[in-house]
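S.K.: sequence unknown, structure follows:
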């Protein structure tokens, strides 16, 4: 407390903090380079190691002649050793060519159609779980032990324990088939209104975790010294709750949301399958099954970047939310 | 960095399409919607080998003939297809057909397309369909890689080295006539010609085949609805072709094929009224589809034969001992119960090696009792084989676990285990590719699941590719002189009746040898919503889209 009272010049302190933050961000971004190469190399190797010849499998019970198969293999560099395949891929990658799928489409086209849809779905789900999760968690935390709190706990426990596909099929059946309020499956353009139901399904489990995280954190902070001080200073209850309790309670929630952006972007495969959404999860799943190295690696590379950036964003938000957290060299 | 740019671009698109979202409106007119899958290759008839692309190709192209619901051929572009000897065929075309770019459909449209499909350097997946045309060996010729490169098994790699660009057996006589010389007699050759690989191509296709495959120009009942009709991984929009005048003139205004990753989603879509016709019932709905769609479902045998092979290289499974064990195995499987319980009646127990929808099928072939469940006889035959050489070890059937096979494989091995009293298990491979690898390398340790979906409705197509000595899909190396002779005689027969008689005898040889253990025929199973009528499924399990009407 004394140190703060003697703080000489607030502007220069802020300046120093800004420099530190920039330095920290730069360091984190540089760390992405080895992560990128390591991840792409490993994933490429794993796809390469998948058992079986992907080209022969394309034709099922009626393979064309060996010469035809050999030509197709050569076209996709599958006749070359692993390290050559990987280097060719990386070389083309930095020239902006991500390769082609076995159907002859360029991987960048596939990405350009799949990522926006998944991003839209993930952001919608994130918005749902953040807004409703924090709201419900806050109320439950403030009214600990009351009826609302108890019901929130039961509902969240239910959502956590029921698998996503069950929630998905049930909501699809009730709202899509029985009531007819929503489309059972999402159409090609995947407009926002059609994505509401899938986003709710996708958000359900994380929503439950956020309710519980927020509730625990809020009820802890209600008893913290700084809240008592704020109340004692005569601040209004709404101000104490929003500025002092909620803001400090959000640190663990933000951590969770940050990690969740990543998993929502890549882990929507079940939800995408139920509602027939042409997103990232399904595309990668199909590519893995077909053994399409370039498609899998390109998608995963983008996912890695999204993960790393989301985590960086979270770390930066910490400091904004909690003044006790500082960056160090 | 390229990657960051893409990630950012996708957020931009998010905002843009978010705005556009509200303006999408329902499709007008009587457009039929049905399920499909993203074509595995671009839409080139000779490079389309799977059903997802096949149902689109068949809709936008008209070949010499097309198939009726029961698998009979009806003339499309052909005026007549005639031959005296089954070897030399004369094909005459109707003279009023055009592609949708107004180019007339001529004899060259067919001959050029077939030559393109067969030429080895074009690497077309369906090139094998032309292998009975004289001169095919010249266009499909290969030579040993001059660098001496070898594949994993040590065999010298083959590189393409065509001796000719075109097949000598195809000759254009005039605009509406061409002749075809086959390399051997084939009485029912015209039956093949409704298959999509035999479609004609306009000259523009040969200028840039890749571009053509994205935006094909055909002569069929439907055409692509504009340049962006094919939304990859999403759907393809087809509209009726006003110039089409064949036997499949559409009774609707168009067809939208929506690509589904799972039949479960498709089923929900039909239930919710978001899809008109679904041509496969998902496993999860097998118990409920009859009550969900009491008046609008189909469930009948299709031209899909399913079995499992016992490789001849396995100890105990060749020679006289192998013959006894194969028969014992076959009689140890309770097909009726498995089709009933596991598949809820959407499979039909096999009584031959073909399918009930094929002309010439018989459920009472001599020796077909070996396909009936008979535990006493099975045990007796197994004991007889044990007298030659006692059986040891575990019996297994390989399957790829990325497909829906585990349940029935387990049921089959349990049936074997309970009847014969031996250890029997299912052997999962992670992917189909992995299973194929072991099959190619003759490294299987037991049975392997097998299946055949006919390309064209003929007994011959179920027999020759699978069991003839050295045939392309004869993976286990079965070879029988009797069978080969009968098949050859059937192919050369002067009438379809005589041919069928030979094929029946050929199947009776198979029933003795059991190169594969027949299990069941997969059924055509589909449902449709009450918004459409006149839904009929073809012999190939694909709905006859052109006949469907919207209520």
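M.R.: Thanks, I have the structure now. Quick caveat, the model's predicted, so the values are computed rather than measured.
S.K.: State the mean pLDDT of stretch B:196-206.
M.R.: On average, the pLDDT along stretch B:196-206 is 95.
S.K.: Can you get me a residue count around residue A:18?
M.R.: 10 (other CB atoms under 10 Å in any protein chain shown). For the C-beta atoms, the positions are set from N, CA and C on the backbone; glycine is no exception.
S.K.: okay, it: pLDDT?
M.R.: 70.
S.K.: Check the one 5 residues further on too.
M.R.: Predicted confidence (pLDDT) at residue A:23: the value is 82.
S.K.: State the helix or strand in which it lies.
M.R.: Assigned by DSSP states H and E, residue A:23 belongs to helix A:10-49.
S.K.: Can you name every helix or strand that that helix contacts?
M.R.: Applying 3 or more CB pairs under 8 Å, 6 or more residues apart in numbering or on different chains; DSSP states H and E, we find helix A:10-49 packed against helix A:82-94, helix A:293-321.
S.K.: list the buried ones in the helix or strand just after it?
M.R.: Per DSSP H and E, helix A:10-49 leads on to helix A:54-58 as the next helix or strand towards the C-terminus. Buried positions in helix A:54-58, judged by neighbour count with 16 or more other CB atoms under 10 Å in any protein chain shown: A:54-58.
S.K.: nearest to chain B, of those residues?
M.R.: Here the nearest of the buried residues of helix A:54-58 to chain B, counting by CB to the nearest CB, is residue A:57; it sits at 3.6 Å.
S.K.: how near is residue B:82 to residue B:180?
M.R.: 11 Å (CB to CB, to the nearest Å).
S.K.: Need the overlap of contacts for the two.
M.R.: In terms of CB atoms under 8 Å, 6 or more residues apart in numbering or on different chains, residue B:82 and residue B:180 are both contacted by the residues B:89-90.
S.K.: For residue B:344, which non-adjacent residue is spatially closest?
M.R.: Excluding the flanking residues, the one nearest residue B:344 by CB to CB, 6 or more residues apart in numbering or on different chains is residue B:286, at 3.9 Å.
S.K.: The one you found - how many residues pack around it?
M.R.: The number of residues packed near residue B:286 is 16, by other CB under 10 Å.
S.K.: Pull the distance from the helix holding residue A:23 to the chain's centre.
M.R.: 18 Å (CA atoms, centre = their mean, to the nearest Å).
S.K.: now stretch B:64-75
M.R.: If you compare the mean C-alpha spot of stretch B:64-75 with that of the full chain, they lie 16 Å apart, counting by CA atoms, centre = their mean.
S.K.: hang on, the earlier thing: for the residue nearest to residue B:344, list the residues it contacts.
M.R.: B:343-344, B:346.
S.K.: And residue B:397, by the same measure?
M.R.: Neighbours of residue B:397 in contact, by CB under 8 Å, 6+ apart: B:308, B:409, B:412-413, B:424, B:426-427, B:446-449.
S.K.: hmm, back to that, state the distance from the residue nearest to residue B:344 to residue B:342.
M.R.: According to CB to CB, residue B:286 stands 9 Å off from residue B:342.
S.K.: Likewise for residue B:515?
M.R.: Using CB to CB, residue B:515 is found at 25 Å from residue B:342.
S.K.: And residue B:37, how close does it get to residue A:110?
M.R.: Residue B:37 is 15 Å from residue A:110, where distance means CB to CB.
S.K.: ditto for residue A:141
M.R.: Taken as CB to CB, the span from residue A:141 to residue A:110 is 44 Å.
S.K.: ok, now residue B:178?
M.R.: Per CB to CB, residue B:178 is found 41 Å from residue A:110.
S.K.: of these two, who's got more company?
M.R.: Per other CB under 10 Å, whichever of residue B:178 and residue A:110 has more neighbours is residue A:110, with 25 against 22.
S.K.: contacting residues around that one?
M.R.: Residue A:110 sits in contact with A:101, A:283, A:295, B:232-233, where contact means CB under 8 Å, 6+ apart.
S.K.: What is the most widely separated pair among these?
M.R.: Greatest spatial distance among the contacts of residue A:110 (CB to CB): A:295 and B:232, at 12.6 Å.
S.K.: So for residue B:82 and residue B:180, which sits in the more crowded spot?
M.R.: Neighbours were counted for residue B:82 and for residue B:180 using other CB under 10 Å; residue B:180 has more, 23 against 10.
S.K.: hang on, that one packs against residue B:130?
M.R.: No. Assessed by CB atoms under 8 Å, residue B:180 is found out of contact with residue B:130, at 10.1 Å.
S.K.: Any idea how far the helix or strand containing residue A:252 is from the middle of the chain?
M.R.: Taking DSSP H and E as the definition, residue A:252 sits inside helix A:247-266. Relative to the centre of its chain, helix A:247-266 is centred 9 Å away, using CA atoms, centre = their mean.
S.K.: contact partners of that helix?
M.R.: With CB under 8 Å, 6+ apart as the criterion, helix A:247-266 contacts A:118-119, A:121-122, A:125-126, A:129-130, A:133-134, A:137-138, A:141, A:202, A:206, A:209-210, A:213-214, A:217-218, A:220-221, A:224, A:226, A:280-281, A:284, A:303, A:306-307, A:310-311, A:313-314, A:317-318, A:321-322.
S.K.: now, which of those residues lie close to chain B?
M.R.: The subset of the contacts of helix A:247-266 within reach of chain B, by CB under 8 Å from any CB of the partner chain, is A:119, A:306.
S.K.: And residue B:456, how far from residue B:541?
M.R.: From residue B:456 to residue B:541 the distance is 14 Å (CB to CB).
S.K.: How about residue A:193?
M.R.: Distance of residue A:193 to residue B:541, computed by CB to CB: 35 Å.
S.K.: next one: residue B:264
M.R.: 19 Å.
S.K.: Looking at those two, which is more packed in?
M.R.: A count of neighbours by other CB under 10 Å puts residue B:541 above the other of residue B:264 and residue B:541, at 23 against 19.
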